[in-house]
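**Q** below are the sequence and a predicted model for it; my questions follow.
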Amino acid sequence: MTALNELIAAAGPQKGPAAIAAFEAERTAYARRWWLFFGLGGALFLAAFAGAAFIADFDPVRFVSGLPQMAEFLERALPHLDWAQLGAAKTVEGSLAFWFYAWPKWLGLLWESIEMAILATALGGGAAFALSFVAARNIGPGRWLPVVVRRLLEFLRTLPDIIVALVFVQAFGPGALAGVLAIALHTTGALGKLMSEVHENIDMKPLEGVRAVGGNWFHVVRFGAMPQIMPNFFSYALLRLEVNIAAAAAVGYVGAGGIGQELVIAIENLRFDDALAIIVMVIALIFVIDLTSERIRHAFIGRVR
Amino acid sequence: MLKLIELTKVFGTRRALDGVTLEVADGEFVGIIGRSGAGKSTLIRSINRLHEPTSGKILFDGIDVMALKGRALRQWRADCAMIFQQFNLAGRMDVLTNVLVGRLQKRSTLPTLFKLFSAEERAAAVATLARFDLAEAALQRAETLSGGQQQRVAIARALMQEPKLILADEPIASLDPKNSEAVMDALAEVNKREGITILCNLHDLDIAAEYCGRIIGMEKGKIVFDGPPAALDRETRQRIYGQDLKAA
């Protein structure tokens, strides 16, 4: 006899086999429900996917035939660098300085974009932090307020920030204010939703402990929930900062301040090499921010865990 | 046979284990008692090397446990099943899968990652749950069970490892008296029926005396008593539990 057989026998001649038979029956029924649910769900998803591809005119043939044009665009955008002249002055064609001829101005605008992103992340992150506790199913106070806040966060999240920025440019005039507000609103929606789901997964025992000493809702959140979620919050907020820097560069497209404005001008004037220079700078910046924010994040989390 | 020779574990400047030498014969049910901080947990955790001892030797049937690495170490851990104070189950996973986790060391990794186990393994898991009156809960999430039930799920998981040794670290410290009894009864039954050696940390002397044929008393990382429960006199009890003990 194998050891497993001995374990089966140990349950007794009646009890063991009866339990096994009952379990296998239950398991089969469970598996059937599972396949019904996910099989049906999968089929529906595939149908929807095919439908969406049809409606969106996603034609693989056209995609492939468009690739050479993509290459042609890149060809025009790539600067004509000359190895021998790479380090030469900006008056010399083929040098890096010639390609990045307007870099002080671009760097200034890039800095404006960063400031916009930091401000928007701080504003939106603060609002998201506060609202996320109200929206969380396990913490939110009362019956209707959490539902209302959840719907509000959904609404804010669904609005594309570039369109909101467009509206704000009409209202407040062109400039950084419109961009900051637009990004902050989107951050509130996205980060608020994310954090409320983090809250829903925390251990409820510390919260009960605070409630048991007579603490009010704010006490429960401050001393029961917050110690558990702070590392996650910093992590997500810094991640959001990275996303927002890209967004801040993008909203300039509709006149809402930052480097995006310059990008539009370059593209409209068919100065594709300028556009690529700007894009390279944005990517380099996001790369740097990514590295530093990872350090900050680990410093925060390391202290807690 | 388990044999510990001069086992020592140092945390910073504190000697949590201070030259522990001990022999445990196959099939024994040993209760380890002592105040918190006496080194009971460190001893248990050193044996399956969740803690790395600073010096000394652990021998099991002639195998040098301290020298084990990689796969051999994991095999040793499968051979000496661990029962924790807080059960250490995955609360959001169903009871049956929690029990089948005990099989991991015996299987190749890939199928287990998709929760694929043999029908025989499933049957053994369900039968073992039935043995502890938990068969109906097999598909429930583990966290929906009471503490005593969860601890018996943990014992079922331990049995699925086909262990030679069960190490229990305060298995009933967070349970009420009735649940404590059910869990200790389960351990006693496993000890008697399967003949598995059990080393069990307990802080309750009466329970230790009731279930364990042999008691080991620890103080400041050292063994200060080793014998049958009847040999525990008042003086030894006071030494193990401190001077201010009144009811003992």
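**A** Yep, that arrived. Residues are numbered from 1 along each chain as shown, chains lettered A, B, ... in the order given.
**Q** now do the buried residues in the helix or strand bottoming out on mean pLDDT in chain B.
**A** Sorting the helices and strands of chain B by mean pLDDT, DSSP states H and E puts helix B:234-241 at the bottom, at a mean of 82. The neighbour-count check on helix B:234-241 (16 or more other Cβ atoms under 10 Å in any protein chain shown) flags B:237, B:240, B:241 as buried. Quick note: C-beta positions are derived from backbone N, CA and C, even for glycine.
**Q** which single one of these is nearest to chain A?
**A** Of all the buried residues of helix B:234-241, residue B:241 has the smallest distance to chain A: 29.3 Å, by Cβ to the nearest Cβ.
**Q** just to revisit the earlier point, Serialize the buried residues of helix B:234-241 to JSON lines and add fields for distance to residue B:42.
**A** Shown next, in JSON lines, are the buried residues of helix B:234-241 (distance: Cβ to Cβ, whole Å):
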{"residue": "B:237", "distance to residue B:42": "22"}
{"residue": "B:240", "distance to residue B:42": "16"}
{"residue": "B:241", "distance to residue B:42": "19"}
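**Q** torsion angles phi and psi at the residue of the stretch 201-305 of chain A at minimum distance from chain B?
**A** The minimum distance from the stretch 201-305 of chain A to chain B, using Cβ to the nearest Cβ, falls at residue A:201 (9.6 Å). When read as degrees, to the nearest 10, the backbone of residue A:201 gives phi -110, psi 10.
**Q** same question for residue A:89.
**A** The phi/psi pair for residue A:89 (degrees, to the nearest 10) reads phi -70, psi 170.
**Q** what distance do you get for it to residue A:101?
**A** Note on residue A:89: its distance to residue A:101, by Cβ to Cβ, to the nearest Å, is 10 Å.
**Q** remind me what the helix ranked longest in chain A packs against, helices and strands.
**A** Counting residues, the longest helix found in chain A (DSSP state H) is helix A:15-55. Under the contact criterion of 3 or more Cβ pairs under 8 Å, 6 or more residues apart in numbering or on different chains; DSSP states H and E, helix A:15-55 touches helix A:3-10, helix B:119-131.
**Q** the last one packs against which elements?
**A** Spelled out, it's helix B:119-131. Using 3+ Cβ pairs under 8 Å, 6+ apart: helix B:119-131 touches helix A:3-10, helix A:15-55, helix B:95-100, helix B:147-160.
**Q** any chance of the ones you listed in JSON lines, plus mean neighbour count and distance to residue B:86?
**A** As requested, the helices and strands packed on helix B:119-131 are exported to JSON lines (neighbours: other Cβ atoms under 10 Å in any protein chain shown; distance: least, Cβ to Cβ, whole Å):
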{"stretch": "helix A:3-10", "mean neighbour count": "18", "distance to residue B:86": "25"}
{"stretch": "helix A:15-55", "mean neighbour count": "12", "distance to residue B:86": "27"}
{"stretch": "helix B:95-100", "mean neighbour count": "25", "distance to residue B:86": "14"}
{"stretch": "helix B:147-160", "mean neighbour count": "25", "distance to residue B:86": "9"}
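**Q** among these, which gets the worst mean confidence?
**A** Lowest mean pLDDT within these: helix A:3-10, at a mean of 87.
**Q** then that helix to PDB, C-alphas only?
**A** Extracted C-alpha coordinates of helix A:3-10, given in PDB (Å, rounded to 0.1, in the frame of the first residue of the first chain):
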ATOM      1  CA  ALA A   3       1.200   6.100   2.000                       C
ATOM      2  CA  LEU A   4      -1.700   7.900   0.400                       C
ATOM      3  CA  ASN A   5      -3.700   4.800   0.500                       C
ATOM      4  CA  GLU A   6      -3.000   4.600   4.200                       C
ATOM      5  CA  LEU A   7      -4.200   8.100   4.600                       C
ATOM      6  CA  ILE A   8      -7.400   7.300   2.800                       C
ATOM      7  CA  ALA A   9      -7.900   4.200   5.000                       C
ATOM      8  CA  ALA A  10      -7.200   6.200   8.100                       C
END
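**Q** neighbouring contacts of that helix?
**A** Helix A:3-10 has contacts (Cβ atoms under 8 Å, 6 or more residues apart in numbering or on different chains) with A:1, A:16, A:20, B:120-121, B:123-124, B:127-128, B:131, B:159-160, B:162, B:193-194.
**Q** what is the burial count for residue A:267?
**A** Neighbours of residue A:267 under the rule other Cβ atoms under 10 Å in any protein chain shown: 15.
**Q** residues contacting it?
**A** With contact set as Cβ under 8 Å, 6+ apart, residue A:267 has these partners: residue A:275.
**Q** show the average pLDDT along whichever strand or helix holds it.
**A** According to DSSP states H and E, residue A:267 maps onto helix A:260-268. For helix A:260-268, mean pLDDT rounds to 84.
**Q** and if you look at stretch A:79-97?
**A** Here stretch A:79-97 scores 72 as its mean pLDDT.
**Q** residues of that stretch that come out buried?
**A** By neighbour count with 16+ other Cβ under 10 Å, stretch A:79-97 contains the buried residues A:79, A:95, A:96.
**Q** now the chain, which segments are flagged as low pLDDT?
**A** Looking at chain A here, since you left the chain open. A:1-2, A:300-305 (pLDDT under 70).
**Q** should've been chain B
**A** For chain B, the stretches flagged by pLDDT under 70 are B:242-248.
**Q** return the residues of it in contact with chain A.
**A** Residues of chain B lying close to chain A by Cβ under 8 Å from any Cβ of the partner chain are B:96, B:120-124, B:126-131, B:135, B:138-139, B:159-160, B:162, B:193-194.
**Q** swap in 6 Å and give it another go.
**A** Taking Cβ under 6 Å from any Cβ of the partner chain as the criterion, chain B approaches chain A at residues B:120, B:123, B:124, B:126, B:127, B:128, B:130, B:131, B:135, B:138, B:162.
**Q** give the contact list for the first one.
**A** This means residue B:120. Listed by Cβ atoms under 6 Å, 6 or more residues apart in numbering or on different chains, the contact partners of residue B:120 are residue A:4.
**Q** contacting residues for residue B:40?
**A** Neighbour list for residue B:40: B:32, B:34, B:201, B:218 [criterion: Cβ under 6 Å, 6+ apart].
**Q** just the buried residues of the longest helix along chain B, please?
**A** The longest helix of chain B (DSSP H) is helix B:177-193. Of the residues in helix B:177-193, those with enough neighbours to count as buried (16+ other Cβ under 10 Å) are B:179, B:180, B:181, B:182, B:183, B:184, B:186, B:187, B:188, B:190, B:191.
**Q** just those now: which is nearest chain A?
**A** Closest to chain A out of these is residue B:190 (8.9 Å), distances taken as Cβ to the nearest Cβ.
**Q** apart from its chain neighbours, what residue comes closest to that closest one?
**A** Of all residues not flanking residue B:190 in the chain, residue B:196 sits nearest, at 5.7 Å (Cβ to Cβ, 6 or more residues apart in numbering or on different chains).
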